[in-house]
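> Requesting a structural model of the entry that follows:
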Amino acid sequence: MAIALGLGLAPLPYDLLLVLRQLPIVFATHMIASGLALILIPITAFARRHRQTHRVLGRLTAVSVVIGGLTALPVAAASEAVAAARAGLFTQGVVWLALISMAVAAIRRGDAARHATLMIAMAAVASGAVWLRLVMAVAVARHLPFETIYGVAAWACWVVPLALTQLRLANRTAVAWLAPGFPNVPSR
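Next up, the predicted model:
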């Protein structure tokens, strides 16, 4: 859906239309790159057993995440949303960029376990885009106070998955619950 919105193939909600009018190229680029990242993240994870395919997909995923993350910053700042929501979305973009940067650095050092851990964290942060849409759909359907829910959800929808992922990884268990075969987290 994000790709369709970025390409102008689906109608935008009014609040996003306002952002598109302010930042036409940046907004479209953000929607397309971030949507592509959401598609590529699980495909890349499932291709991990096929080293060459995983590398190619990993590079495409990283580029999509970097472009999506960089463009998320001005999009969040230009949003008409309440300040708490703008701050949550902006911070999500910064965290997404930090995690992908650290994951790329880890794999370049040959630290596959750290790379996997960081990529799982990055995927958890990315999932916030999906959770936010689901939470807001429920909020609208239930006629809940939109601005309040949006302000809280813009933080909770990525912080909670990240925290749950980190709690799971901190237990040093294999992350088979997410994707069988990922390496165990190294002991500290």
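
> following the strand or helix carrying His115, which helix or strand comes up?
Here His115 sits within helix 112-126, counting by DSSP states H and E. Where DSSP H and E defines the elements, the next helix or strand beyond helix 112-126 is helix 128-141.

> Which other helices and strands does the helix holding His115 contact?
Judged by 3 or more Cβ pairs under 8 Å, 6 or more residues apart in numbering; DSSP states H and E, helix 112-126 is in contact with helix 24-46, helix 83-108, helix 146-170. Where C-beta positions appear, they are placed from N, C-alpha and C, glycine not excepted.

> Low-confidence regions, the chain specifically.
1-12, 14, 172-188 (pLDDT under 70).

> What's the biggest helix in it, counting residues?
Selection of the longest helix in the chain by residue count, based on DSSP state H, yields helix 51-78.

> out of the helices and strands packed on helix 112-126, nearest to Thr71?
helix 24-46 (3.6 Å; Cβ to Cβ).

> Make JSON lines from the helices and strands packed on helix 112-126 and add mean neighbour count to it.
Converted to JSON lines, those look like this (neighbours: other Cβ atoms under 10 Å):
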{"stretch": "helix 24-46", "mean neighbour count": "19"}
{"stretch": "helix 83-108", "mean neighbour count": "19"}
{"stretch": "helix 146-170", "mean neighbour count": "17"}
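
> quick one on the thing from earlier: and the longest helix of the chain with helix 112-126, angle?
Angle between the axes of helix 51-78 and helix 112-126 is 40 degrees (criterion: axes from the mean of the first three to the mean of the last three Cα atoms, to 10 degrees).
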